[in-house]
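[1] build me a structure from this.
(one chain, ligands or ions: 1)
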Amino acid sequence: MGKFKKMMEHSYLVNEMKIKILSGHLTALDKKVVKQMLNKKMESGRVKKTDYFIKDIGGGKYEITQRKMDAGIGIGARKVLRNYKSKIQIKESTLLERIDYYEVASKLLRDYGLKSNIKMGTGKNFGEYVPETDTITLRPSYPSVKEFLMTVLHEIGHALDAKRLGVKKYIKKYVQAGTMANYQGLDPHDDNKWEEKAERFARKEVKKYLNKRF
Ligand SMILES: [Zn+2]
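    Here you go, the predicted structure:
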């Protein structure tokens, strides 16, 4: 029962990622350099004593010229400047990746040094953190990878605050902030400063995970 049951409990989301595939006669280092230059829309650049020049010749094809100093032939030969020309083709491809909510949430928790429990719930909230039991509850589905990551990171933000302050103190401060918001005619949850802090944390940290493979 074990493994099958575990699979049933997890939910998946298909993540679509666009990746660039380079084909042509280039070394791994050259491909890395060319990819970065294309991403930054650079036409020329220098890496490790080699100058790179990239020319867009249309249809996803590029001409790469590398210029570097090479040792000449024979004893006492002088160094010569050589040009190497190569053509490469770049294709944009879509990579489909299945994201297991439980697995990814566990990985994120590890990244932040947390050992919180993860529960797959059915609640109407996107996510929930219960400090008393150090438990993060997630929904069985999310509309996008970003919303899923934002949710997990938001709850991680709460878990980190609870860990830092201690559970009792955190709950006390959280309730105080809610009471304060309520007193000011604001929403005790949405306008709670600890909620805003968790949301800021999520917005900042999500950049590390977007467009990454898990
Ligand atoms: Zn929250």
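
[2] what mean pLDDT does stretch 150-168 get?
    Here stretch 150-168 scores 97 as its mean pLDDT.

[3] could you give me the buried positions within that stretch?
    Within stretch 150-168, the residues scored as buried using 16 or more other CB atoms under 10 Å are 150-163, 165. To be clear about C-beta, it is placed using only N, CA and C from the backbone, and glycine gets the same treatment.

[4] and stretch 174-192, by the same measure?
    Neighbour-count burial for stretch 174-192 flags 174, 177-178, 181, 188, 191-192 (criterion: 16+ other CB under 10 Å).

[5] then stretch 69-77?
    Buried residues in stretch 69-77 (16+ other CB under 10 Å): none.

[6] send me that stretch as CSV with only the CA atoms.
    C-alpha atoms of stretch 69-77 as CSV (Å, rounded to 0.1, in the frame of the first residue of the first chain):
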residue,chain,number,x,y,z
MET,A,69,46.0,34.5,-29.4
ASP,A,70,47.5,31.1,-30.3
ALA,A,71,51.1,30.0,-30.0
GLY,A,72,52.6,29.9,-33.5
ILE,A,73,54.3,26.8,-34.9
GLY,A,74,57.9,26.0,-34.5
ILE,A,75,60.7,27.0,-32.1
GLY,A,76,60.7,30.7,-31.3
ALA,A,77,57.5,31.2,-33.2
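
[7] just give me how far that stretch sits from the chain centre.
    47 Å (CA atoms, centre = their mean, to the nearest Å).

[8] quick one, domains of this protein?
    Taking automatic domain parsing as the reference, the chain has its domains at 11-96, 112-208.

[9] closest to the ion out of those domains?
    domain 112-208 (4.7 Å; CB to the ion).

[10] what's the span of that closest one from first residue to last?
    Domain 112-208 has an end-to-end distance of 13 Å (criterion: CA to CA, to the nearest Å).

[11] stretch 138-150 too?
    11 Å.

[12] anything in it near the ion?
    No. Residues of stretch 138-150 contacting the ion under CB under 5 Å from the ion: none, with a closest distance of 11.0 Å.

[13] please spell out which residues along that stretch are buried.
    138-139, 142, 145, 148-150.

[14] possible to save these as TSV with secondary structure and distance to residue 210?
    Shown next, in TSV, are the buried residues of stretch 138-150 (DSSP: H, G, I helix; E, B strand; the rest coil; distance: CB to CB, whole Å):
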residue	secondary structure	distance to residue 210
138	strand	18
139	coil	20
142	coil	14
145	helix	8
148	helix	11
149	helix	7
150	helix	10
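
[15] now flag whichever of the residues you listed is closest to residue 62.
    Of all the buried residues of stretch 138-150, residue 62 sits closest to residue 145, with 30.3 Å by CB to CB.

[16] quick check: of the buried residues of stretch 150-168, which lies closest to residue 111?
    The closest of the buried residues of stretch 150-168, once distances to residue 111 are taken by CB to CB, is residue 156, at 8.7 Å.
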